[in-house]
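[1] no sequence for this one, just the structure:
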Ligand SMILES: Cc1cc2nc3c(=O)[nH]c(=O)nc-3n(C[C@H](O)[C@H](O)[C@H](O)COP(=O)(O)O)c2cc1C
């Protein structure tokens, strides 16, 4: 599959996940063998106001290409300006969010609200495509609800203004994350456009990705929730799609070591207080596979310093629980 000058051998993407796919987690996924990662969604307005927290989210230093930055917004000109700023921060692909279901986003006509305003969605994509000289991609849902499925119409409208790749999360806005993703819509979208289509929704093990590609003919897959506390799912899925073999899951030692490395990264990028806060949720995801996870979860939630967090990890390593 090609996107601009990028050639993807086995396209398995880490999904954009707000509050999760920060620099520390992206680097962790790549450290265990993942190749293609996405930033969290970034507000076009906050970026154009040069909000410091937002600029921190755009720290892409040392990250390999393609550096895919996702923006959300509702005004074509602001989105176009934000895209240029993201490129100044070394983004090499701009992705536009047309799927976030959160009320605080859709009430501003952003994210999934664009599924109900296709002319605006198209104007936004056109403005971004015009303003930048890197590939522009869009991540969509199927529609607002079951009675308003617009995926095919929207996909064609976006392709016609120069969008070079689409990711289809096969759910409606009203579904949020509930129920099953209806993969058949990915197949239908793929049949209607000639740009690459990435299938997304409900990949929790490598074989799921195999079935998704088989059933839909999509050009690649994107994994979100399955990668929480499980960065290995990305390279294991790459391996499965390339060689047809499922690699074993990591042993507890590796699991804890990788979690610890992520912790050191997040401390470096966000400092003790925020780093610890953020790591608690990741740590709870990491230890899900371990026996006595419920008790460990309490210990993790009670940590009050990075030293305490490291101590919990060390105890797990000692006992190999
Ligand atoms: C915690 C969380 C944060 C998310 N943040 C974003 C986001 O910033 N941008 C986006 O396009 N989708 C976001 N999504 C949606 C995912 O990228 C993905 O489309 C969805 O989770 C379905 O894939 P999955 O079944 O593999 O999780 C988010 C989902 C979750 C659970």
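    Looks like it arrived, so ask away. As the structure is a prediction and not an experimental result, all values here were calculated from the model.
[2] up against the ligand, what does the stretch 201-321 of the chain have?
    201, 202, 203, 223, 224, 225, 226 (Cβ under 6 Å from any ligand atom). In short, each C-beta sits where N, CA and C put it, glycine included.
[3] could you report the neighbour count for the closest residue to the fourth one other than its chain neighbours?
    Closest residue in space to residue 223, ignoring its immediate chain neighbours: residue 203 at 4.9 Å, by Cβ to Cβ, 6 or more residues apart in numbering. In terms of burial, residue 203 registers 25 neighbours under the definition other Cβ atoms under 10 Å.
[4] and the pLDDT for residue 203?
    Looking at residue 203, its pLDDT reads 98.
[5] wait, it touches residue 209, no?
    Yes. Between residue 203 and residue 209 a contact is recorded at 5.1 Å, counting by Cβ atoms under 8 Å.
[6] want to try CSV for the residues of the stretch 201-321 of the chain next to the ligand, with secondary structure as columns?
    CSV is the format used below for these (DSSP: H, G, I helix; E, B strand; the rest coil):
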residue, secondary structure
201, coil
202, coil
203, coil
223, strand
224, coil
225, helix
226, helix
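[7] so among those, which ones count as buried?
    Listed as buried from these are 201, 202, 203, 223, 224, 225, 226; burial here means 16 or more other Cβ atoms under 10 Å.
[8] from residue 238, how far out is the first one?
    In this case it means residue 201. From residue 201 across to residue 238, the span is 18 Å (Cβ to Cβ, to the nearest Å).
[9] run a quick neighbour tally on residue 107.
    Counted with other Cβ under 10 Å, residue 107 comes out at 10.
[10] nearest spatial neighbour of it, chain-adjacent residues omitted?
    Closest to residue 107 by Cβ to Cβ, 6+ apart is residue 113, at 7.7 Å.
[11] what is the burial count for residue 312?
    Quick note: residue 312 (other Cβ under 10 Å) scores 17 neighbours.
[12] and for the one 3 residues further on?
    Residues lying near residue 315 (other Cβ under 10 Å) number 13.
[13] residues contacting the residue nearest to residue 223?
    Neighbour list for residue 203: 209, 212, 221, 222, 223, 226, 233, 237 [criterion: Cβ atoms under 8 Å, 6 or more residues apart in numbering].
[14] also residue 296?
    Residues near residue 296 by Cβ under 8 Å, 6+ apart: 287, 290, 312, 316, 321.
[15] of all these, which comes closest to the ligand?
    Closest approach between the contacts of residue 296 and the ligand, by Cβ to the nearest ligand atom: residue 287, at 18.3 Å.
[16] just checking, the closest one touches residue 298?
    No. The criterion here is Cβ under 8 Å, and residue 287 misses it with residue 298 at 11.1 Å.
[17] more neighbours: these two, which one.
    More crowded of residue 287 and residue 298, by other Cβ under 10 Å: residue 287, with 26 against 9.
[18] state the pLDDT value of that one.
    96.
[19] intersection of neighbour lists for residue 203 and residue 209?
    221, 223, 237.
[20] around the ligand, pick out the residues from the stretch 1-150 of the chain.
    15-20, 40-41, 70, 97, 99-100, 139.
[21] just the buried ones from the residues you listed?
    By 16+ other Cβ under 10 Å, these give 15, 16, 17, 18, 20, 40, 41, 70, 97, 99, 100, 139 as buried.
[22] so which of those belong to strands?
    40, 41, 70, 97, 139 (DSSP state E).
[23] tell me which of those residues is nearest to the ligand?
    residue 41 (3.3 Å).
[24] and the gap between residue 23 and the ligand?
    14 Å (Cβ to the nearest ligand atom, to the nearest Å).
[25] show the contacting residues for that residue.
    Residue 23 neighbours (Cβ under 8 Å, 6+ apart): 59, 60, 63, 265, 269.
[26] low-confidence stretches in the protein?
    For the chain, applying pLDDT under 70 flags the ranges 320-321.
[27] and with 50 instead?
    Scanning the chain for pLDDT under 50 picks out 321.
[28] how about it: which residue is closest to the ligand?
    At 2.8 Å from the ligand, residue 224 is the closest residue in the chain, using Cβ to the nearest ligand atom.
[29] so that residue touches residue 13, yeah?
    No. Residue 224 is not in contact with residue 13 according to Cβ under 8 Å; the separation is 9.6 Å.
[30] pull out the buried residues from the contacts of residue 203.
    In the contacts of residue 203, the ones that pass as buried (16+ other Cβ under 10 Å) are 209, 212, 221, 222, 223, 226, 233, 237.
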